[in-house]
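Asker: Starting from these lines, generate the structure:
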Amino acid sequence: MNILMIEDNQSVSEMMQMFFLNEGWEATFKYDGKDGLDAFLENPAHWDMITLDLNLPTMDGMVVGREIRKISSTVPIIMLTARDSESDQVIGLEMGADDYVTKPFSPLTLIARMKALHRRSELVDAKEEASESDNHFDIQTEHFKMNTKTREAYLDGQLIEGLTPKEFDLLFTLAKKPRQVFSREQLLELVWDYQYFGDERTVDAHIKKLRQKIEKVGPQVIQTVWGVGYKFDDSGVA
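Answerer: Residues are numbered from 1 along each chain as shown. Okay, the predicted model is just below:
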């Protein structure tokens, strides 16, 4: 992978450089927000993964993330933060990050998260290449349809706009087995590929944002099953 690490703590960058080299990954390090954004903008297609610190000089990590998402909705972003409040983490996920790791963190944990996120990206690319037609819908019901090649979802003919890669994957996972209840742990494993070190708040934050986007076009089709998890059910759509 080609990794862009935007991190103002040089000792953290130096430590991660050893782990990246051990994986055979190429890494570029930037120590303030503006330099990191400029490096991305020079060649957006070059980067396979971005790790982004929230507390950055010159330009805040939240701003950097939003600017990156204006250019690319698909490049995987892992947010690194010393802040341990749920609100900061939710804001980061809503900004467009695919995941977050709270400092201090284990380098092996970060590497595992990056591998999991990269595997998901490769699976998405493979599905898109295998799809025969832009007009093919992988899921289609009376009210709902999804196309994994165009990465589009429709509710009663209305496009659900602005879905991030993880939001799309989450919706697809739920919708392909309608009315089946998924626990947060199952969704972490299926969508994020985390078996042992996931944070359930990641799921909740993505569900919240996904619901907001669905509600712009029609009735809510993602239901909470209290004490268990979430399910997709469009049977109540008029």
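
Asker: Only C-alpha atoms from now on, for both contacts and neighbour counts.
Answerer: Fine.

Asker: Pull the contacting residues for the spatially most central residue of the chain.
Answerer: Compute the mean C-alpha point of the chain, and by Cα atoms, centre = their mean the closest residue is Asp98, 2.5 Å away. Taking Cα atoms under 8 Å, 6 or more residues apart in numbering, we find Asp98 in contact with Pro76, Ile77, Ile78, Met79, Pro165, Lys166.

Asker: Give me the mean pLDDT for stretch 149-165.
Answerer: The predicted model assigns stretch 149-165 a mean pLDDT of 89.

Asker: all strands for the chain, in order.
Answerer: 2-6, 26-30, 49-53, 77-81, 99-102, 139-140, 144-147, 152-155, 158-159, 182-183, 222-225, 229-232 (DSSP state E).

Asker: Paired strands for the fifth one, with orientation please.
Answerer: Strand pairing for strand 99-102, determined by DSSP bridges: strand 77-81 (parallel).

Asker: How far off centre is the strand it pairs with?
Answerer: The chain centroid and the centroid of strand 77-81 are separated by 11 Å under Cα atoms, centre = their mean, to the nearest Å.

Asker: What of stretch 7-23?
Answerer: On the basis of Cα atoms, centre = their mean, stretch 7-23 is displaced by 22 Å from the centre of the chain it belongs to.

Asker: Likewise for stretch 13-31?
Answerer: Remark: stretch 13-31 is offset 22 Å from the chain centroid, using Cα atoms, centre = their mean.

Asker: Can you show me the helices along this structure?
Answerer: Applying DSSP state H to the chain gives helices spanning 10-23, 33-42, 61-71, 86-95, 107-130, 165-175, 184-187, 200-215.

Asker: Determine which stretch of those is the most buried.
Answerer: Most buried of those, by mean neighbour count (mean count of other Cα atoms under 10 Å): helix 165-175, with a mean of 21.

Asker: elements contacting that one?
Answerer: Helices and strands touching helix 165-175, by 3 or more Cα pairs under 8 Å, 6 or more residues apart in numbering; DSSP states H and E, are helix 200-215, strand 229-232.

Asker: Just the CA trace of the longest one, in PDB.
Answerer: The C-alpha trace of helix 200-215 is given here as PDB (Å, rounded to 0.1, in the frame of the first residue of the first chain):
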ATOM      1  CA  GLU A 200     -19.300  -0.800  18.800                       C
ATOM      2  CA  ARG A 201     -19.600   3.000  18.700                       C
ATOM      3  CA  THR A 202     -18.200   2.800  15.200                       C
ATOM      4  CA  VAL A 203     -21.400   0.900  14.100                       C
ATOM      5  CA  ASP A 204     -23.700   3.300  16.000                       C
ATOM      6  CA  ALA A 205     -22.200   6.400  14.500                       C
ATOM      7  CA  HIS A 206     -22.500   5.000  10.900                       C
ATOM      8  CA  ILE A 207     -26.000   3.800  11.500                       C
ATOM      9  CA  LYS A 208     -27.000   7.300  12.700                       C
ATOM     10  CA  LYS A 209     -25.500   9.000   9.700                       C
ATOM     11  CA  LEU A 210     -26.900   6.400   7.300                       C
ATOM     12  CA  ARG A 211     -30.400   6.900   8.700                       C
ATOM     13  CA  GLN A 212     -30.200  10.700   8.300                       C
ATOM     14  CA  LYS A 213     -29.500  10.200   4.600                       C
ATOM     15  CA  ILE A 214     -32.300   7.600   4.100                       C
ATOM     16  CA  GLU A 215     -34.800   9.900   5.800                       C
END
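
Asker: Any chance of the helices of the chain in CSV with distance to Asn147 as columns?
Answerer: CSV is the format used below for the helices of the chain (distance: least, Cα to Cα, whole Å):
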stretch, distance to Asn147
helix 10-23, 34
helix 33-42, 29
helix 61-71, 21
helix 86-95, 23
helix 107-130, 9
helix 165-175, 9
helix 184-187, 20
helix 200-215, 16
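
Asker: Kind regards, and thank you for your time.
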